[in-house]
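A.B. asks: Next input, structure requested:
(chains A and B)
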Amino acid sequence: MPVSSLMTQPPASPKPQSEPPVVEMPPRKRAIIAVGATAGGSALAGGQYPVIDAIKRGETPEPRRHESVMGVPSVLDIRDFQLWYGQNKALHGINMPIAEGKITSIIGPSGCGKSTLLRSVNRLNDLVDGVRTAGTIALQGEDVYARGVDVISLRKRLGMVFQKPNPFPMSIFENVVYALRISGERRKAVLGQACEKALRQAALWDEVKDRLKGSAMGLSGGQQQRLCIARAIVCEPQVLLLDEPCSALDPIATLRIEELILEIGQRYTVLIVTHNMQQAARVSDFTAFMYLGRLVEYGRTADIFQLPRLRETEDYVTGRFG
Amino acid sequence: MTPTSAASPPAHASGWSREPTQSPRSKSEAGVIRRARIGDAVLGWACRLSAALIALMLVSLIAVLVHSAWPAMREFGVGFLISSEWRANEIERPVRDAAGQLMLRDGEAVMEILPPAFGALPVIWGTAVSSFLALVIAVPISLSAAVFLVRVAPRLRIAGAASFLIEFLAAVPSLAFGVWALFVLAPLFQKYVGPWLHRIFEPIPGLRWMFYESVTVAGRTIERPIPLTGRDLFTGSLILAIMILPIVTSVSRDVLRAVPRTQIEGTLALGATWWQSCVAMLRYGRSGLLGAIMLGLARAAGETMAVTMVIGNNNQISPSPFAPAQTMASLLANEFAEATEGLHRASLLYVALILLTMSLMFNVVARRLVVGRIASSGSH
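C.D. replies: Numbering: from 1, shown residues only, chains lettered A, B, ... in the order given. Reported below is the predicted structural model:
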């Protein structure tokens, strides 16, 4: 049914007629009402979002993975990955390869498990009490959840940037070289070079080169976030994980970080979680749409935003649902 | 005044509870509100008065101390702080020349009379050294315990029980610690730990001062081993350390708990080991932890009963931690009841004033560091 192009679908939908009274509401609210009504068993729209409805019933429908994304060489391969927080299952059988040297974004409404998935890659979820996993996440062919994996050295191969800038309370220089320091690097020349290189790549060098000894806490929010990016790439990670890196920043700082992500994407594989659809569209090569712990659709960003195969994806990326 | 304040709080309380649900309609309703307004005013002034009373108490405490200590302050001035003489009664003793020989006149020793004199240096020294040693012993244990409470205990689901036990330690009366120290710690040190430390450290060159003291007897200076009684500066410091553990641990725990999760995750995501992430956590909370240590210091400096029981109460300055000593608080506890002579009493109160000033300073600095840190990390 919905495998055909989206262009044929909107006319077939009874939606415009069925809910005029709530059209004035913000799209998010309206969608929740519509979905809730459907799930509650009302005849509204008669299965307007069959995939979402199936997910809400607790099923795990086969996601629409476009051929374009399955053929490319991958650096990270997520296979049938599941995760539980205690009794709650947060991720259901995620299957998605992450293309090497590309920028892949994960979008979806709050609570869809996108951050959980990201934090599963560098096993930061290990810190949470009562987390269990099943399935595999293979970084260059090696399962990160295999027995005997050294989590410390695994994390050194992955960089991560968080929602809120989290510079450490030390100098800018020490922030950038922290990963090298904790690996025991002491040579000043090596540290200095690495620091300059990382700061240049993070487009921060010119702004801070005269105050490397100054406290990182004195930087602006956007600068702090670029510092965190510099800190994450100082060891040349195989994958850079970005967890909503702009959600705490103003629009101008956001724009700069987006430009930076595009530039960094030339060098590194980037996996970015965002709740900002425009951001996903602007920066990424591939986009995955998640809902309630399931992968729903995964393909080239251009396809996801312009030719999605699912009605759900189209309505989500255009802001009509979710 | 009294009948009004006794009757008003209930009216005030009912006025509050009704306000959100009902709007004024009837006359009785208006009466309730009027009464509530009076209640508000009375209660407000009662609160202000109570708060003022507390401030007044502190001010009057300082004023009374200064007033009572005034004779000693006038007599000794600031020199009180650096003088190490403490003679409650005048002494008559033979005069000796530079070589230590008795000066004779007509076949009899010439006598001199030393008037009473008071100086606080020995007790300042005793307080400073015992508090410092207590911190040296307590801080590593407290910080480790705080890290355990924040990073390990929650996973083992014993954080609540462990925190309770540590805070319970703070509620144990000082006297109980003192009795325990006197009957358990002191004999233990006298019989086992002291001799054992003696055996280990004495052969080390440069550590002789720990076990030997010079005394002048009849004009000659001799060196003799310090008798190990188990009631000395070291035992006093140890009991102090035990007594400040709870406060340092629980304040450090609160400081570390306020370290943002993203800070710890940030270090871990960069490949930090558990230990390295703990170091980063301690560094983030460093000023708050310093405040916790200052609170412990203030507590140690002011602690009286337990210390008095085991520190030996000897008003002298000895470099050795195994010699008996005296702290400001133990001096007051020991001598105040017997201090009948005016200057003696005034000198003791002068010591009390110094102690109060020091404790106030430690507390102010500590509060600043702790409150500032927790508030700023909350806004991150």
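A.B. asks: where in chain B is pLDDT low?
C.D. replies: B:1-26, B:218-219, B:372-380 (pLDDT under 70).
A.B. asks: at 50 what do you get?
C.D. replies: Within chain B, the ranges that satisfy pLDDT under 50 run B:1-15, B:17-19, B:377-380.
A.B. asks: Spell out which residues of the stretch 251-380 of chain B are next to chain A.
C.D. replies: Residues of the stretch 251-380 of chain B found near chain A (Cβ under 8 Å from any Cβ of the partner chain) are B:260, B:262-263, B:265-273, B:276, B:280, B:283-284, B:286, B:380. Backbone N, C-alpha and C define where each C-beta goes, glycine included.
A.B. asks: let me redo that: the stretch 101-250 of chain B
C.D. replies: Contacts of the stretch 101-250 of chain B with chain A, taken as Cβ under 8 Å from any Cβ, map to B:P154, B:R155.
A.B. asks: Now the buried members of the residues of the stretch 251-380 of chain B next to chain A.
C.D. replies: B:260, B:262-263, B:265-272, B:276, B:280, B:284 (16 or more other Cβ atoms under 10 Å in any protein chain shown).
A.B. asks: if we look at the helix or strand where A:I94 lies, which residues are touching it?
C.D. replies: Element membership of A:I94, judged by DSSP states H and E, is strand A:88-99. By Cβ atoms under 8 Å, 6 or more residues apart in numbering or on different chains, the residues outside strand A:88-99 that reach it are A:60, A:63, A:65, A:69-70, A:72-84, A:104, A:113, A:116-117, A:120, A:135, A:239, A:269, A:271, A:285-286, A:288, A:293-295, A:298.
A.B. asks: follow-up on the earlier one: give me the subset of the buried ones among the residues of the stretch 251-380 of chain B next to chain A that lies in helices.
C.D. replies: B:T262, B:Q263, B:E265, B:G266, B:T267, B:L268, B:A269, B:Q276, B:A280, B:Y284 (DSSP state H).
A.B. asks: The stretch 101-250 of chain A: helices as residue ranges?
C.D. replies: In the stretch 101-250 of chain A, the helices defined using DSSP state H, counting those that start in this stretch lie at A:114-121, A:151-156, A:172-176, A:178-181, A:188-201, A:205-208, A:221-233.
A.B. asks: Now tell me what touches the longest one from outside.
C.D. replies: Meaning helix A:188-201. Here helix A:188-201 has contacts from A:173, A:176-177, A:180-181, A:185, A:205, A:208-209, A:212, A:227, A:230-231, A:233-234, A:263-264, A:267, using Cβ under 8 Å, 6+ apart.
A.B. asks: Near chain B, list only the ones from those.
C.D. replies: Residues of these in contact with chain B (Cβ under 8 Å from any Cβ): A:R231.
A.B. asks: Tell me the buried residues within the contacts of helix A:188-201.
C.D. replies: Among those, those buried by neighbour count (16+ other Cβ under 10 Å) are A:173, A:176-177, A:180-181, A:205, A:208, A:212, A:227, A:230-231, A:233-234, A:264.
A.B. asks: List, one by one, the residues from chain A near chain B.
C.D. replies: Residues of chain A lying near chain B (Cβ under 8 Å from any Cβ): A:122, A:124, A:127, A:129, A:152-153, A:155-156, A:158-160, A:162-164, A:166, A:168-170, A:178-179, A:182-183, A:228, A:231-232, A:235, A:241.
A.B. asks: among these, which ones are buried?
C.D. replies: By 16+ other Cβ under 10 Å, those give A:122, A:124, A:152, A:155-156, A:158-160, A:162-164, A:166, A:168-170, A:178-179, A:182-183, A:228, A:231-232, A:235, A:241 as buried.
A.B. asks: any idea whether the residue nearest in space to the middle of chain B is helix, strand or coil?
C.D. replies: Geometric centre of chain B, nearest residue: B:R299, 2.4 Å, by Cα atoms, centre = their mean. Secondary structure, DSSP: H, G, I helix; E, B strand; the rest coil: B:R299 is helix.
A.B. asks: Grab the nearest non-local neighbour of it.
C.D. replies: The spatial neighbour of B:R299 that comes closest, neighbours along the chain excluded (Cβ to Cβ, 6 or more residues apart in numbering or on different chains), is B:I244 at 4.9 Å.
A.B. asks: worst-scoring helix or strand of chain A, pLDDT-wise?
C.D. replies: Within chain A, no helix or strand scores below helix A:27-39, which has a mean of 39 by mean pLDDT, DSSP states H and E.
A.B. asks: Following the chain past that one, name the next helix or strand.
C.D. replies: helix A:50-56.
A.B. asks: Okay, buried residues for that next one please.
C.D. replies: Residues of helix A:50-56 classed as buried: A:P50, A:V51, A:I52, A:D53, A:I55, A:K56 (neighbour count, 16+ other Cβ under 10 Å).
A.B. asks: List the beta-bridge partners for the residue nearest the centre of chain A.
C.D. replies: Residue closest to the mean C-alpha point of chain A, counted by Cα atoms, centre = their mean, is A:V273 at 1.8 Å. Following DSSP bridges, A:V273 is listed with bridge partners A:I106, A:D243.
A.B. asks: low-confidence ranges in the stretch 151-300 of chain A?
C.D. replies: For the stretch 151-300 of chain A, no stretch is flagged by pLDDT under 50.
A.B. asks: from the middle of its chain, how far away would whichever strand or helix holds B:T235 be?
C.D. replies: Taking DSSP H and E as the definition, B:T235 sits inside helix B:233-257. With Cα atoms, centre = their mean, to the nearest Å as the basis, the distance from the averaged C-alpha position of helix B:233-257 to the chain average is 11 Å.
A.B. asks: and that helix, what other elements does it pack with?
C.D. replies: Where contact means 3 or more Cβ pairs under 8 Å, 6 or more residues apart in numbering or on different chains; DSSP states H and E, helix B:233-257 is packed against helix B:121-147, helix B:159-171, helix B:174-180, helix B:286-302, helix B:305-310, helix B:342-378.
A.B. asks: What residues sit buried inside it?
C.D. replies: Buried, per 16+ other Cβ under 10 Å, within helix B:233-257: B:233-256.
A.B. asks: Flag every buried residue along stretch B:59-66.
C.D. replies: Buried, per 16+ other Cβ under 10 Å, within stretch B:59-66: B:L65.
A.B. asks: Please name the residues that touch whichever residue of the stretch 1-150 of chain B sits closest to chain A.
C.D. replies: Using Cβ to the nearest Cβ, the closest approach of the stretch 1-150 of chain B to chain A is made by B:V150 at 12.6 Å. Residues near B:V150 by Cβ under 8 Å, 6+ apart: B:R253, B:L256, B:R257, B:M281.
A.B. asks: For the second one, give its distance to B:Y284.
C.D. replies: So the one you mean is B:L256. With distances taken as Cβ to Cβ, to the nearest Å, B:L256 is found 9 Å from B:Y284.
A.B. asks: B:V248 touches B:I137, doesn't it?
C.D. replies: No: assessed by Cβ atoms under 8 Å, B:V248 is found out of contact with B:I137, at 11.0 Å.
A.B. asks: Could you name every residue contacting both of these two?
C.D. replies: Residues touching both B:V248 and B:I137 (Cβ under 8 Å, 6+ apart): none.
A.B. asks: Excluding chain neighbours, what is closest to B:V147?
C.D. replies: Excluding its sequence neighbours, the residue lying closest to B:V147 (Cβ to Cβ, 6+ apart) is B:C278, at 5.4 Å.
A.B. asks: Need the three-state assignment for that neighbour.
C.D. replies: Per three-state DSSP, B:C278 ends up helix.
A.B. asks: Which residues does stretch B:206-221 contact?
C.D. replies: B:96, B:99-102, B:198, B:201-202, B:222-226, B:318-323.
A.B. asks: how long is it end to end?
C.D. replies: 20 Å (Cα to Cα, to the nearest Å).
A.B. asks: list the buried ones in that stretch?
C.D. replies: Applying 16+ other Cβ under 10 Å to stretch B:206-221 flags B:M210, B:F211, B:E213 as buried.
A.B. asks: okay, now the domains of the chain?
C.D. replies: Went with chain A since none was named. A:6-56, A:64-317 (automatic domain parsing).
A.B. asks: not quite, I wanted chain B
C.D. replies: Split into domains by automatic domain parsing, chain B comes to B:2-80, B:87-118, B:120-378.
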